[in-house]
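Colleague: after the sequence you'll find the predicted model.
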Amino acid sequence: MSTLPKDDSMPIKGAIRIEDVVKVYDPDGAAVMAVDHCSIDIPAGEICMIVGPSGCGKTTLLNTIAGFHGLTSGHIYLDDEVLCGPGKEKAEPGSDRIVVFQNGALFPWKTNLDNIAFGPMMEGKLSKDEIYEKARKMMVDAGLEGTEDSFPGEVSSGLRRRVEIVRALMNEPKVLLFDEPYRALDSLTKSVMHEALLDIYYKNKVTIFFITHDLEEAIFLGHRLIIMSSRPCKPKKIVEVDIPHPRDYSVLTSPRFREIMNEAKGVVNEEARKAFEAGEKEG
Amino acid sequence: MNITKVLRKFSGRAALRGVIAIIVFIAIWEFGSRSLDLIGWRMPFVGLIPPPSSVLASWTGLFMEPSYWQSWYMSFLRVFTGFIVAMIIGIPLGLYMAINRTFYGIAFPSFEILRPIPPLAWVPASIIFWPTQEMSIAFVTFLGAFYTIVINVLGGAKSINRQYLQAAQSMGASQRDIFRRIVLPATLPSIVVGSAVGMGITWEVVVAAEMISGGGAGGGASGGLGFFIWSSYVGGSYEQIIVGMISIGIAGYISSELLRKLGGRFTPWLKTR
């Protein structure tokens, strides 16, 4: 990947290989194909944006990587180790792949600090003091100072998202799986969150698998866009974003950004229209 | 709560409205009760009940009576015995039905058949199969809270956001941790709601059960507030009937308030919503 930063701190881990994955749901005997012979190769440390119309099966793909769903056929590898495949239909959920959910899954009954400390506390490798020290430090680094003892319900939705990403990072995952995490945010908060996410990414190099249907978000954050077809989900076009990292919001107005936007928009719109028409027919 | 907050609470417009409404209510009641003497025409309904002034007089007279307070004590004792036993059995039952499909399949149908039976319909049966009057009253009271608590806990535990469970699983939580740290706290709000509703039903049931069963073996003072009302009716003391009714209102309010305070302490994250 020409656009990947090539410094020594690059992770050597966290490469995801999705190979010929098929997922068929079978509600009441009516087989619905959600993912159709999908192959995606994501090198370690890449921000890979999965773009596609709503309901196309992107989340299904994410759930199979996370280990929440099984797959019907094909393989998924993490650093050349089989996560799931024939004989091991469902991947084991683990702290090497942490999901940041669409609606947020911070535990409302725990304070932000306790939420962030949750993963390592469950792993039990470090002492409680060490974990909380690390958690406090990570919160300060992410600009969350002063919200430690608040409950998630007491802070803004933008801060909540940040807490959730920090909680994910506390587990030192190889891969972060984002399921449209900024969908519900207003555009101003969103842009702040994008820069914050990149900032976090530059500090902790992880592989990012990021689902969205916001093209601007996809191009701004990603090394690569995988544009998916409408259901069943399958890569339709791959768009390289050759704008060098680190990026800030000035790239949004650059001519190259516009070019990539135009290139991607045609494909996305076509798929969105297909998805819409398919929905009309079903309805 | 600090003093300024308390002052604000009681000096606000809403509080003033509440106080005025109560004063007007009592004034109308007083006038209505005395309408025959005052205007020579008996107001319907209100004209038949004793005026608040004589209710108050009767009430202050009772303040010194140990038997009146004994009635309070007995009803409270029954309500809390039934209620606490309902929590001890109901919460684990609801949780277990929520997490274990097999047990749910076994227990839920029977539970759903028994649930619509009003607790009061159990009175004769429980008098027959419990050895003492006291136990049968406690049993009926227990039933009042039990079904509500179970159904709320079950509903709460079943509707936990699946993503909480998935997130916890990803972060390496064991099954035991997931139950203790996710399922239990996520169900707490439903437990609190179920308990509050259950408590209300418990008061309804205990009063009726006391009336029907004649207030326990000892009768008289050990009868509780329900029996207090009933015996006042039999004895023709209409003032005391009203005193008993208001006493139950106050007792129920105290219980709910107690439960709200306790529930709030267990679910601090809900205060901020």
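Modeller: On my side now, so go ahead. Numbering: from 1, shown residues only, chains lettered A, B, ... in the order given.

Colleague: in stretch B:183-199, what counts as buried?
Modeller: If you call a residue buried by 16 or more other C-beta atoms under 10 Å in any protein chain shown, then stretch B:183-199 has these buried ones: B:183, B:185-199. The C-beta positions use only the backbone N, C-alpha and C, and glycine is treated the same way.

Colleague: for these, which one is nearest B:Pro124?
Modeller: B:Gly198 (22.9 Å; C-beta to C-beta).

Colleague: after the helix or strand that closest one falls within comes which helix or strand?
Modeller: Mapping B:Gly198 onto the secondary structure by DSSP states H and E places it in helix B:184-213. Where DSSP H and E defines the elements, the next helix or strand beyond helix B:184-213 is helix B:224-234.

Colleague: residues of that next one that come out buried?
Modeller: Under 16+ other C-beta under 10 Å, the buried positions of helix B:224-234 are B:224-232.

Colleague: likewise stretch B:108-127?
Modeller: B:111, B:119-120, B:122-123, B:126-127.

Colleague: the residues you listed in strands, which ones?
Modeller: Among the buried residues of stretch B:108-127, no member is found in strands (DSSP state E).

Colleague: just flag the most distant two among the residues you listed.
Modeller: B:Phe111 and B:Ile127 (23.4 Å).

Colleague: just the buried positions in the one helix or strand in chain A whose mean pLDDT sits lowest, please.
Modeller: Ranked by mean pLDDT, DSSP states H and E, the weakest helix or strand in chain A is helix A:255-282, scoring a mean of 82. By 16+ other C-beta under 10 Å, the buried positions in helix A:255-282 come out as A:257, A:260-261, A:264, A:267-268, A:270-272, A:275.

Colleague: ditto for stretch B:25-42
Modeller: B:29-30, B:32-35.

Colleague: Serialize those to TSV and add fields for pLDDT.
Modeller: Formatted as TSV, the buried residues of stretch B:25-42 follow (pLDDT from 0 to 100):
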residue	pLDDT
B:Trp29	91
B:Glu30	92
B:Gly32	90
B:Ser33	90
B:Arg34	90
B:Ser35	87
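
Colleague: quick check, nearest of those residues to B:Pro51?
Modeller: Checking these against B:Pro51 with C-beta to C-beta, the nearest one is B:Ser33 at 3.5 Å.

Colleague: thinking that closest one is in contact with B:Pro51, fair?
Modeller: Yes - here B:Ser33 lies in contact with B:Pro51, judged by C-beta atoms under 8 Å, at a distance of 3.5 Å.

Colleague: in chain A, which spans are strands?
Modeller: Under DSSP E, chain A gives strands at A:16-25, A:32-42, A:47-51, A:73-78, A:81-84, A:97-100, A:175-179, A:207-212, A:224-228, A:235-240.

Colleague: one step back: which single one of the buried residues of stretch B:108-127 is nearest to A:Gln102?
Modeller: B:Phe111 (35.3 Å).

Colleague: if I look at the closest one, how far off is B:Arg42?
Modeller: As judged by C-beta to C-beta, to the nearest Å, B:Phe111 and B:Arg42 stand 51 Å apart.

Colleague: on that earlier part again, helices - which of the buried residues of stretch B:108-127 land there?
Modeller: Among the buried residues of stretch B:108-127, the members found in helices (DSSP state H) are B:111, B:123, B:126-127.

Colleague: what's the closest non-adjacent residue to A:Gly52?
Modeller: Of all residues not flanking A:Gly52 in the chain, A:Met228 sits nearest, at 3.2 Å (C-beta to C-beta, 6 or more residues apart in numbering or on different chains).

Colleague: save the ones in helices among the buried residues of stretch B:108-127 as JSON lines, and put in distance to A:Asp129 and pLDDT too.
Modeller: Below are these laid out as JSON lines (distance: C-beta to C-beta, whole Å; pLDDT from 0 to 100):
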{"residue": "B:Phe111", "distance to A:Asp129": "46", "pLDDT": "94"}
{"residue": "B:Val123", "distance to A:Asp129": "58", "pLDDT": "87"}
{"residue": "B:Ser126", "distance to A:Asp129": "55", "pLDDT": "88"}
{"residue": "B:Ile127", "distance to A:Asp129": "60", "pLDDT": "85"}
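
Colleague: pLDDT wise, what is residue 59 at?
Modeller: All of this is about chain A. Note on A:Thr59: pLDDT of 87.

Colleague: should've been chain B
Modeller: 91.

Colleague: show me what contacts it?
Modeller: B:239, B:243, B:246 (C-beta atoms under 8 Å, 6 or more residues apart in numbering or on different chains).

Colleague: return the members of those classed as buried.
Modeller: Neighbour counting by 16+ other C-beta under 10 Å classes B:239, B:243 among the contacts of B:Trp59 as buried.

Colleague: which one among the contacts of B:Trp59 gets closest to B:Tyr73?
Modeller: B:Val243 (16.0 Å).

Colleague: the strand or helix carrying the closest one close to chain A?
Modeller: B:Val243 is part of helix B:238-266 when elements are defined by DSSP H and E. No - on the criterion C-beta under 8 Å from any C-beta of the partner chain, helix B:238-266 is out of touch with chain A, staying 9.6 Å away.

Colleague: list the helices and strands that helix packs on?
Modeller: In terms of contacts (3 or more C-beta pairs under 8 Å, 6 or more residues apart in numbering or on different chains; DSSP states H and E), helix B:238-266 is packed against helix B:52-62, helix B:66-99, helix B:184-213, helix B:224-234.

Colleague: turn those helices into JSON lines, including distance to A:Gly143.
Modeller: Shown next, in JSON lines, are the helices and strands packed on helix B:238-266 (distance: least, C-beta to C-beta, whole Å):
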{"stretch": "helix B:52-62", "distance to A:Gly143": "62"}
{"stretch": "helix B:66-99", "distance to A:Gly143": "39"}
{"stretch": "helix B:184-213", "distance to A:Gly143": "28"}
{"stretch": "helix B:224-234", "distance to A:Gly143": "58"}
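
Colleague: among the ones you listed, which is nearest A:Ser95?
Modeller: Of all the helices and strands packed on helix B:238-266, helix B:184-213 sits nearest to A:Ser95, with 21.0 Å by C-beta to C-beta.

Colleague: ok and the closest one relative to helix B:238-266, angle-wise?
Modeller: Relative orientation of helix B:184-213 versus helix B:238-266 (axes from the mean of the first three to the mean of the last three C-alpha atoms, to 10 degrees): 170 degrees.

Colleague: helices and strands of chain B: which one has the lowest mean pLDDT?
Modeller: Going by mean pLDDT, DSSP H and E, chain B bottoms out at helix B:3-11, a mean of 62.
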